[in-house]
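1. Following is a predicted model, sequence given first.
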Amino acid sequence: MLMGCADSYHWTASHPSYHKAPYGGIAVTGIENAFVITRSNWFAKRLEISTDSIQIKGTEHCRKTFETELRKAYGNLIVLPDTANSKFPEESLKLDERIFIKGHIPEQGVTLKDSAGNVPPIVLILHEFIIGTDLKRENFFDYALIHNESGSIRKPDNVSAIFSYTLWDNLKQRPLFSAVDEIQQPITTYKLKDLTNLIQIAIQKIRKNLYEGVVK
Amino acid sequence: MKKLLVILMILVAWASASEVYFDSRFTLWKDATVYIWTLDGNSPVNANEFCLSLRRNNTGIGEPKCRELGEWERDTVATRYGSWLSNNLEKGLPSSYLRARHPGMAAKIQALEDNIVLLLIPQGKFIQVAIFDETAQEPKAAGIVKANNDKVALSDDIAATFFDKRTKRRLTKEERLKKQTEPDDLYKEVPNLKVWAGVGIGYSQAHFPLTPDNWTSSHTKSRVKNYRVTKDSVSLWNFIEDSDAFLSLYAGLTWHGFIGVEFMYRYSNRDMKTDKSDTVYRELDHWNFGQHDIGLNALLSMTYPITPWLDITPLFFLGFQYTFYVEDIGLKNEKQEPSRAYKYRIKFEDLYKGALIGVGGQFVFKKHYGIDLRTGVSSRGRDLYVAPSPDAGAAPTTIGKSTIDCFVSLGFEYHWTL
C-alpha cells in the first residue's frame, strides 16, 4: 500500500493568488544555516578538506555558490540574514496529505526588512538543503517513512541534494509557492567543482519550479 | 449580447453593493453577543445601533448584546492578524487560506465561547467584514459592504447581509459541558456475532419483470391435459402455478459485520394448471402441491449506522436449496372410483436441488427490530452430482430439471448480538 501511494506525492504547493513568478529581483533568506552535509568523512576525503572543518567549509562554499548563482539568475538580489526570519516560530506547511515542510515563516502582519529598512516584495526562504549520498526525499518528508533507516553503507551511486523552500509574498505575508526538490548527481570522481555544479543545478531547478508553479 | 450582459452585471453589482465572499454557516445564537472588532478603534457602526439593526432584520434573534472589542483592538497580535486579513481578503480565496497562524491569535479565537466577533475594516468605498466564532481559526464568513456615513443604514446593511439566518437557542454552561462530554451516538463497535430470526412473506414468479413475455410464455401458458400431458416438461412451471405468494421463516448470523450464513425455509401452495376443457377432470375436486424449500445462504454484508436508531445493512446472498412437493389431490364426493388417467397421473421427483442468488437490505430499528427486503433468482433442478449412467441417453427426461423463478420478499426480524 505504501508503495502504491509513493508516486502520488505532491512535492509542490501554490497559493491560489500566485500568478507571476519573480523576475529581475528577489530577496533570499535562510542560506546561512540551511546547508547540511551528511557523510562528512566521505565528502572530506574527496573534497580534500579536513573532517573537522568539512561542515563549516563545505556549507560555506555551498552558501556562496548559491548566492552567486541566484545573483546571476535574478540581477537584483537582496540577501537577508537568517535572523530576519529565524526569529519566528517554526511551523509546518502542508504540501500533500503526507508531505509537510518544516520551517520558519514570518508572522502574519509582519514584513521582513533588509538592513536599510526596505521591504523586499518577494523573499525566497530556503528552509533546508541537505547534501548526502543516495538520499530520497520521501524518507525525509513523508511522516510515515521518516523512521526508515538507510541500509548498510555501500558504495554510493549518486550525490543527492534535498532542499525545501518557500517563495514568500512579503507584502501580503503569504506563502506563494512551496516545494521539496531532489537532485541526484552521478558520481565519477567527486571534487569541489562537482559540489558547485550541484548547487547550480539546484538553482536551475528552483527557477524552473517557480515558473511552473504559477497558478494560471 | 455580451455588452448587455456586462451592463446587466454592473447593474446587479451596483444594486447590491454588499458581497459575501464565503459564508460557512456560523451558528447564530438567539440573544447573541456580538463583539465589534476594529483595528483603529473608530468603529464605522455604533454598537447599540447595530444591536437594534439585528433586531430589525432578524426577528428570531431575541435580545442581542453588542459591544466593541477593545481587548483585541489593543492587542498587537490581534491587530497584526486583522491587518493581514484585510490585506488578504480576496474574492474567491478559500477561507482556509485565511487561517490565523499565530498561536496567540488562535487561542484568542478559541476562547470566544459562543460569542461572535464581527471585524469591520474600512477600505475606501467599502467596508471589509469578517465574522469569527470559536469553532474555526479562520473567518466563518467574510465579504464587503458599501461604506456609508449613516451608521444606522450601514448597520442595517451588515445585519441584512450576514445575520439574516435562523437562530439557535444558546446553551447554558452546564449544557455546554454536557455536550462536550456526550458520547458519539453513532459510535458503535462491530459485534463479533450478530444473530437474527424472522418471518416473511414474498412473491415469486417464473416470468422475470422487464423481459419479453415470449421468453417464459411456453412455461407460463402451459396447461396439463389428462393428468400428465404438457407440451414441455423441462420446467415445473409447465405443471404448477408459476406465480404465487410464499411464506418464509429464516434465521441467520453475521461474523464481524461482514460475512454470514442464513438458514431459510419457504412454503407456498401451488395449484395444478389443469386444462379446464379436458373432460377427464370432471371427477376432480382439487389438485395442488405444497412446495417446501429448505436452503442455506452465504451472505456478504456491510452495516451503515444512519441515525442512532437506524442501521442499514445492504447484503448480497448466494445459496442452495432443496425443494420437495407434497401433493394434495381429492375427488369429488360423489365420485367413488377414479379414472385410469388419475391413477397414472404425473409424479415429480422426490427432491429438487437448486441455487439462490440475490441482494437485499436489512433496516434495523432500535438495534433489534428489523425489516428486511430481498430480491433474487432461485432455481430448482435435478441433482447435479448424480453420476452419469450409460443409459442416460435412453432415460426419460427428468421432469422439472430446469425450474427458474424470481422473487421479492419482505421480512420482519428480531436482531441481537452475542
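-> In hand now; what should we look at?
2. Any idea how many residues pack against B:Phe132?
-> When neighbours are counted by other CB atoms under 10 Å in any protein chain shown, B:Phe132 registers 26. Just so you know, the C-beta spots here come from the backbone N, C-alpha and C atoms, and that holds for glycine as well.
3. just checking, it touches B:Pro139?
-> Yes: the criterion here is CB atoms under 8 Å, and B:Phe132 meets it with B:Pro139 at 5.8 Å.
4. Overlap of the contact sets of these two?
-> Shared contacts of B:Phe132 and B:Pro139 (CB atoms under 8 Å, 6 or more residues apart in numbering or on different chains): B:Leu119.
5. Excluding covalently adjacent residues, which one is nearest to whichever residue of chain A sits closest to chain B?
-> For chain A and chain B, the shortest gap (CB to the nearest CB) falls at A:Gly109, measuring 2.8 Å. Spatial nearest neighbour of A:Gly109, excluding adjacent residues (CB to CB, 6 or more residues apart in numbering or on different chains): B:Arg80 at 2.8 Å.
6. Contact partners for that neighbour?
-> A:107-110, B:102.
7. cool, and A:Lys102?
-> Applying CB under 8 Å, 6+ apart, the residues near A:Lys102 are A:90-93, A:127-128.
8. Let's see that with 7 Å instead.
-> Listed by CB atoms under 7 Å, 6 or more residues apart in numbering or on different chains, the contact set of A:Lys102 reads A:90, A:92, A:127.
9. Check B:Gly257 too.
-> Neighbours of B:Gly257 in contact, by CB under 7 Å, 6+ apart: B:190-191, B:194, B:303.
10. Please repeat the previous calculation with a cut-off of 10 Å.
-> Contact analysis of B:Gly257 by CB atoms under 10 Å, 6 or more residues apart in numbering or on different chains lists B:188-194, B:301-303, B:311, B:313.
11. same thing with B:Gln336?
-> Counting by CB under 10 Å, 6+ apart, B:Gln336 touches B:Glu283.
12. Give me the pLDDT for the residue most central in space within chain A.
-> The structure's chain A has its C-alpha centroid closest to A:Phe163; by CA atoms, centre = their mean the separation is 3.2 Å. Looking at A:Phe163, its pLDDT stands at 94.
13. How about the helix or strand hosting it and chain B, touching?
-> Using DSSP states H and E, the element containing A:Phe163 is strand A:158-169. Yes: applying CB under 10 Å from any CB of the partner chain, one finds strand A:158-169 in contact with chain B at A:Asp169.
14. Determine the three-state secondary structure at the residue nearest to A:Gly109.
-> helix (DSSP: H, G, I helix; E, B strand; the rest coil).
15. Distance check, it against B:Phe132.
-> B:Arg80 is 15 Å from B:Phe132, where distance means CB to CB, to the nearest Å.
16. Then B:Ile144?
-> 17 Å.
17. repeat for A:Phe177
-> 28 Å.
18. cool, A:His127 as well?
-> 30 Å.
19. Hmm, B:Pro103 and B:Val77 touching each other?
-> Yes: if you go by CB atoms under 10 Å, B:Val77 and B:Pro103 touch, sitting 9.1 Å apart.
20. Of these two, which one has the most company?
-> B:Val77 (19 against 12).
21. next helix or strand past the helix or strand of chain A with the lowest mean pLDDT?
-> The weakest-scoring helix or strand in chain A, judged by mean pLDDT, DSSP states H and E, is helix A:2-6 (a mean of 45). Following helix A:2-6 in sequence order, the next helix or strand is strand A:12-14 (DSSP H and E).
22. would B:Arg282 count as being in a helix?
-> Yes: according to three-state DSSP, B:Arg282 belongs to a helix.
23. Thought A:Gln55 was touching A:Arg39, still the case?
-> No: the criterion here is CB under 10 Å, and A:Arg39 misses it with A:Gln55 at 11.4 Å.
24. Next, count neighbours for B:Ile121.
-> Neighbour tally, B:Ile121, other CB under 10 Å: 21.
25. three-state assignment of it?
-> strand.
26. now it: how far from chain A?
-> 13 Å (CB to the nearest CB, to the nearest Å).
27. Now do the same contact list for that residue.
-> Per CB under 10 Å, 6+ apart, neighbours of B:Ile121: B:37-40, B:44, B:82-83, B:85-87, B:89, B:127-130, B:144.
28. Go through those and say which is closest to A:His147.
-> The nearest member of the contacts of B:Ile121 to A:His147, counting by CB to CB, is B:Leu85 at 38.5 Å.
29. Let me know whether the closest one touches B:Ile131 as I believe.
-> No: shown here, B:Leu85 and B:Ile131 do not form a contact pair, counting by CB under 10 Å, at 11.6 Å.
30. Spit out the residues that contact the two alike.
-> By CB under 10 Å, 6+ apart, B:Leu85 and B:Ile131 have these common neighbours: B:119, B:139, B:142.
31. Which residues of chain B lie near chain A?
-> B:76-88, B:90, B:92-94, B:97-105.
32. Which ones among those map onto strands?
-> Of these, none are assigned to strands by DSSP state E.
33. how about the helices of the chain, start to end?
-> Just so you know, I chose chain A. A:2-6, A:40-47, A:59-73, A:82-86, A:137-141, A:192-212 (DSSP state H).
34. wrong one, chain B
-> B:2-15, B:47-57, B:70-73, B:76-88, B:103-110, B:151-162, B:173-181, B:217-220, B:340-343.
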